[in-house]
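Colleague: Sharing a model that was predicted from the sequence below.
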Amino acid sequence: MRLDALVVSLRDGEVARRRLIELDLLHRGVKVKRDEKHLYLPLRSLPQDSSSLPDHRIESIEFEEVSRVESVKEILGYAPSFDVIGDIAILGASSEDPLAEADAILRSHKHIRAIFQARTPIRGEFRTRGLTHLRGEKRTTTTYREHGLSYRLDVSEVYFTPRLGTERERVAERIKSGVVLDIFAGIGPFSILIGKRHPEVKVIAVEKNRSAVRYLKENIRANNIENVHPVLGDSMMLPATGDSADNVIMNLPHDAEKFLGEALRVIRSGGIIYYYDITPEDNLYQESIEAIQEAAVDAGFRVEVLRERVVRSYSPRHYNTCIEARVHKT
Ligand SMILES: C[S@@+](CC[C@H](N)C(=O)[O-])C[C@H]1O[C@@H](n2cnc3c(N)ncnc32)[C@H](O)[C@@H]1O
């Protein structure tokens, strides 16, 4: 089968593969090709914005189709949307035939042990979703592995998405020293990766969901991390004095804006904010930048935008974006 391929060096292969999965661009029906120097990743369609991909070129290549266990799409004749977290699969709320889809997932994904359907979208302050059990074990706790670390969590009680793996890697590459405030820490995937990579960094991980903090603590212990300090609390009142944070991670798309004043209260001049949002494709960054600028003026800072990027696709016309902004006291 002839397809467009993203051609990257072998060294960048894993990063590029993950990134294509997050952008929903990797073609799954054929075998990835490689030679001594390059990996050839088959594309479903061409990337709209290729700035977040490693150095690459596009080439049209003949790929071999995969013969393997039937895919869910082959079994059902259509591809239902579902998330996989550890050994649990979660079907979307609008699933057409949940039980048939659950059976197909169990047949095609040998490591899946439990299947649920979301009754609601991710919602509420704690960003959780109601789940109905469909097939397999009746358990909502699982272990997810990412970047050599393991995370315990309960998919019914806390927020977690595997689709931020590349973003966490990227942020952990940037933050190498100082004090980090991860103010919507969840079960700790940003905090723990940064803490593990950079033992000299001090991370304060704040989270309001009591259950998430219980897993955050368990994950800090299980990964032998000593420089991440979990705090059960509301990030409207951060447990830090003014001028103390070098970096503030604000991973609460839709609502982070309300917390900018408090983030600016604790950040030092020259510190960096990582601001996450969900934005429409025709206006990816401007509104987020304006929100940061408005709050900064009120707090006596000026803003220097360092980077803006699409983190992953969110819905057909919306993207999860990140603005990295340095703030300077005026
Ligand atoms: C989108 S999730 C991100 C979690 C984590 N950073 C991750 O990548 O998995 C946002 C988190 O913020 C928490 N949260 C919401 N409001 C909060 C508040 N006022 N103070 C502290 N945490 C809050 C939620 O419970 C949730 O765990």
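Modeller: Everything's here; your move.
Colleague: in the stretch 101-250 of the chain, what residue is nearest the ligand?
Modeller: G186 (2.7 Å; C-beta to the nearest ligand atom). All C-beta spots, glycine's among them, are computed from the backbone N, C-alpha and C.
Colleague: Flag every residue of the stretch 151-300 of the chain that's near the ligand.
Modeller: For the stretch 151-300 of the chain, the contact set with the ligand under C-beta under 6 Å from any ligand atom comprises 159-160, 164, 184-186, 189-190, 206-209, 212, 234-236, 251-252.
Colleague: are any of those residues buried, and which?
Modeller: By neighbour count, with 16 or more other C-beta atoms under 10 Å, these hold 159-160, 164, 184-186, 189-190, 206-209, 212, 235, 251-252 as buried.
Colleague: Taking the centroid of this structure, which residue is nearest it?
Modeller: By C-alpha atoms, centre = their mean, the chain has its centre lying nearest to L164, at 1.5 Å.
Colleague: got the residue ranges for the helices in this protein?
Modeller: 13-22, 72-76, 98-108, 165-174, 189-197, 210-222, 260-266, 286-299 (DSSP state H).
Colleague: Which elements pack onto the first one?
Modeller: It stands for helix 13-22. Under the contact criterion of 3 or more C-beta pairs under 8 Å, 6 or more residues apart in numbering; DSSP states H and E, helix 13-22 touches strand 2-9, strand 38-42, helix 165-174, strand 301-315.
Colleague: got a pLDDT number for S67?
Modeller: Residue-level confidence at S67 comes out at 68, pLDDT.
Colleague: what angle do the one helix or strand in the chain whose mean pLDDT sits lowest and helix 165-174 make?
Modeller: Taking mean pLDDT, DSSP states H and E as the measure, the chain has helix 13-22 as its least confident helix or strand, at a mean of 89. Interaxial angle of helix 13-22 relative to helix 165-174 (axes from the mean of the first three to the mean of the last three C-alpha atoms, to 10 degrees): 130 degrees.
Colleague: of the helices of the chain, which approaches F63 most closely?
Modeller: helix 13-22 (14.2 Å; C-beta to C-beta).
Colleague: what does that closest one rub up against?
Modeller: 6, 8, 26, 32, 34, 39, 41, 43, 47, 52-54, 56, 163, 165-166, 169, 311-313 (C-beta atoms under 8 Å, 6 or more residues apart in numbering).
Colleague: Show the buried residues in these.
Modeller: Buried among these by 16+ other C-beta under 10 Å: 6, 8, 26, 32, 39, 41, 43, 47, 52-53, 56, 163, 165-166, 169, 311-313.
Colleague: Measure how far stretch 206-221 is from the centre of its chain, please.
Modeller: Distance of stretch 206-221 from its chain centroid, counting by C-alpha atoms, centre = their mean, to the nearest Å, is 18 Å.
Colleague: whoops, I mixed them up, stretch 286-300
Modeller: Using C-alpha atoms, centre = their mean, the offset of stretch 286-300 from its chain centre is 24 Å.
Colleague: Use 45 as the first number for this chain going forward.
Modeller: All set: I'll call the first residue 45, so the last point we hit is now stretch 330-344.
Colleague: Keeping just the C-alphas, turn it into CSV.
Modeller: The C-alpha trace of stretch 330-344 is given here as CSV (Å, rounded to 0.1, in the frame of the first residue of the first chain):
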residue,chain,number,x,y,z
GLN,A,330,-4.2,34.7,20.9
GLU,A,331,-6.9,34.4,23.6
SER,A,332,-4.6,32.5,26.0
ILE,A,333,-1.8,35.1,25.5
GLU,A,334,-4.2,37.9,26.1
ALA,A,335,-5.5,36.2,29.3
ILE,A,336,-1.9,35.9,30.6
GLN,A,337,-1.1,39.5,29.6
GLU,A,338,-4.2,40.9,31.3
ALA,A,339,-3.5,39.1,34.6
ALA,A,340,0.2,40.1,34.3
VAL,A,341,-0.6,43.8,34.0
ASP,A,342,-2.8,43.6,37.1
ALA,A,343,0.0,41.9,39.0
GLY,A,344,2.8,44.3,37.8
